[in-house]
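Student: have a look at this fold, sequence not included:
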C-alpha cells in the first residue's frame, strides 16, 4: 500500500485526484503501477486501477490476471470494479472507503456479486488513515 500511496502522490502533483494502484503477481512481485491520469490525458477511463491492470496484462502477456492482487488507495468505482472482475484478479486490497462511488463494499459490492462468474477476495482498510488523509489534503488545498 505504501507504493500505491507513492503513486497517488504523483497524481496529485499532476493536478489529479490522488489515487494510486499497484498490481502484484501471484508470487508477490510488483508487475505494474498506475495513478490517476484523467487530467493529464483527458481520458475519463484513466483511473489508477485501469492503468495498473492494463500494464500488468501487458507485462504478463495475457489479459487474465489469475492469482494477482490489485492494491489501491481508494475503493474502486463501478468501472474499475468491472475491470477487476473481467481481468480475473484474485484479490483487491484498498485503503480508503468511497461512500459516494465505491463498488467494493460501501455503496455497491460489484466485485462480490454472486451473479458474476468471478469474485475476487476483498480486503479493505489497509493504511486507511494515510489513504484518507492524502485525499482530504488534496481536496482541502483545492
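Tutor: Thanks, I have it. Note that the coordinates shown come from a computational prediction; the quantities given were computed from them, not determined experimentally.

Student: in stretch 63-83, which residues are buried?
Tutor: 65, 68-77, 79-83 (16 or more other Cβ atoms under 10 Å). Where C-beta positions appear, they are placed from N, C-alpha and C, glycine not excepted.

Student: nearest to residue 101 among the residues you listed?
Tutor: Residue 101 lies nearest to residue 77 out of these, by Cβ to Cβ, at 4.7 Å.

Student: now the closest one: closest residue in space that isn't a chain neighbour?
Tutor: residue 101 (4.7 Å; Cβ to Cβ, 6 or more residues apart in numbering).

Student: pretty sure the one you found is touching residue 110, no?
Tutor: No - using Cβ atoms under 8 Å as the test, residue 101 is too far from residue 110 to be in contact (11.3 Å).

Student: what segments of this protein are strands?
Tutor: Using DSSP state E, the strands of the chain run over residues 20-24, 30-35, 69-74, 91-96, 121-124.
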